[in-house]
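Novice: quick one, what's the 3D model for this:
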Amino acid sequence: MHSVRVLVIGLVGAASVAATILVAGQAPTTPAPSPAEAANAAAQTAANAAVPRVVLEPGLTEVPDYNQFKGDPPAVNIPEGFTPAFNGKDLSGWHISKTARHGHTPDFRVVHGVIVGTQQPWGHGGLLITDKKYKNFEMTLEVKPDWGCDSGIFFRTTETGIAYQITMDYLGNGNGGLARMIAEGGISLGGNRAGGAGRAGAPAGGAAAGAAAGRAGGANNAVPAAPAGTGAAAAPAAPQPPSAASLAWKREAWNLVRVRVEGDAPKLTVWINGQLVNEQQDTANHAFGGMLEGPIALQVHGGSERWQPAGFWRWRNIGIKELP
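Specialist: Numbering: from 1, shown residues only. I've put the predicted structure just below:
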């Protein structure tokens, strides 16, 4: 009898704990769509409803004949106060670098209102660069990469890719991360060179955050194996808490990224899905040649270690606001 009572109590307690965890871990309520999003959804619903129907063979039920579909992809939707940097139809205002060290022939194209990018041929990435130059700006864009594919947002960049980079390293091999400011193409940053994407429970930026940001977190926090030939196995590294950026990131979904760049010695602020994930400032302007104003670029990383076969990055709803 006592064992039965203990079992019942244990089951009730476990159920209570499970219920508590479920409630505490529930995903936040999906926000209501914006007027533009609601209009886009209504337009798609109307276009599908207007598709004529056809009977494929006598006696069968009629079905939609999508050869007769007439409609447009969702319209560009950027926040008020921003200017579209991508028209949703073609790459007007952008060009592919013919001298980038990551590659000269990347496959950047527009599909259904989205810029898609991949290596072409295998191992050859590249840069899609704005024709216009910027100094102080805010940029907003939605991104959806395939796992294992490394991208970045370059600013004050040259055609060859000497630039400041905001990392978009969507990897799991312990050598990448999200939303860090790093030097690209041979230049160096001063001070906090590792970046400032803080770990969970710590403020973004600062020395401690910078040290932690040198290691990838959350979805990117796999610890590299000890080098071969070192004798006894090294003690496993202490697990790192996930970074603020990886906690904010939604895997296999569209993510809203907003960046702000200000000052001669650039100060970077990054939000992912509305959450502040990094604040970081260089000690001086280390852009090539002292550049204060330069293009912005979207990267497809070269090589085979930081890209997956048939992997893609996707960008949409790109807007820029120039700041004083």
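Novice: show me the contact partners of the longest strand seen in the chain.
Specialist: The longest strand of the chain (DSSP state E) is strand 313-322. Applying C-beta atoms under 8 Å, 6 or more residues apart in numbering, the contact partners of strand 313-322 are 76-79, 81-86, 88, 113-118, 134, 136-146, 149, 151, 168, 254, 296, 298, 300. C-beta: built from backbone N, CA, C; applies to glycine.
Novice: of those, grab the buried ones for PyMOL.
Specialist: Applied in PyMOL, the following selects the buried portion of the contacts of strand 313-322 according to 16 or more other C-beta atoms under 10 Å:
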select buried, resi 76+77+78+82+85+86+88+113+114+115+116+117+118+134+136+137+138+139+140+141+142+143+144+145+149+151+168+296+298+300
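Novice: Ala47 falls within a strand, correct?
Specialist: No: remark: Ala47 does not belong to a strand; assigned using DSSP: H, G, I helix; E, B strand; the rest coil, it is helix.
Novice: I figured it was touching Phe69, is that so?
Specialist: Yes: Ala47 is within contact range of Phe69, at 6.7 Å (criterion: C-beta atoms under 8 Å).
Novice: show me what contacts Pro106?
Specialist: Ile96, Gly117, Thr118, Gln119, Gln120, His124, Gly125, Gly126, Leu127, Leu128, Val300.
Novice: again, only this time at 10 Å
Specialist: Applying C-beta atoms under 10 Å, 6 or more residues apart in numbering, we find Pro106 in contact with 96-97, 100, 117-120, 124-128, 298-302.
Novice: before we move on, what about Thr158?
Specialist: By C-beta under 10 Å, 6+ apart, the residues touching Thr158 are 97, 99-100, 127, 129, 184-185, 287-289, 291, 294-295, 297.
Novice: hey, where'd the strands end up in the stretch 201-324 of the chain?
Specialist: Taking DSSP state E, counting those that start in this stretch as the criterion, the stretch 201-324 of the chain carries its strands at 255-262, 267-272, 275-281, 296-300, 313-322.
Novice: those: which one's closest to Val55?
Specialist: strand 313-322 (37.5 Å; C-beta to C-beta).
Novice: roughly how far apart are Met291 and Thr157?
Specialist: Met291 is 9 Å from Thr157, where distance means C-beta to C-beta, to the nearest Å.
Novice: of these two, who's got more company?
Specialist: Just comparing Met291 and Thr157: by other C-beta atoms under 10 Å the higher neighbour count belongs to Thr157, 28 against 19.
Novice: wait, that one touches Glu184, no?
Specialist: Yes: using C-beta atoms under 10 Å, Thr157 is in contact with Glu184, at 7.8 Å.
Novice: okay, and the common contacts of these two?
Specialist: Counting by C-beta under 10 Å, 6+ apart, the contacts common to Thr157 and Glu184 are Ala163, Tyr164, Gln165, Phe288, Ala297, Gln299.
Novice: strand partners (parallel or antiparallel) of the longest strand of the chain?
Specialist: Looking at strand 313-322 with DSSP bridges, its partner strands are strand 83-84 (antiparallel), strand 114-118 (antiparallel), strand 137-143 (antiparallel).
Novice: as a markdown table, these with mean pLDDT and distance to Leu178 would be great.
Specialist: Shown next, in a markdown table, are the strands paired with strand 313-322 (pLDDT from 0 to 100; distance: least, C-beta to C-beta, whole Å):
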| stretch | mean pLDDT | distance to Leu178 |
| --- | --- | --- |
| strand 83-84 | 98 | 25 |
| strand 114-118 | 98 | 17 |
| strand 137-143 | 98 | 10 |
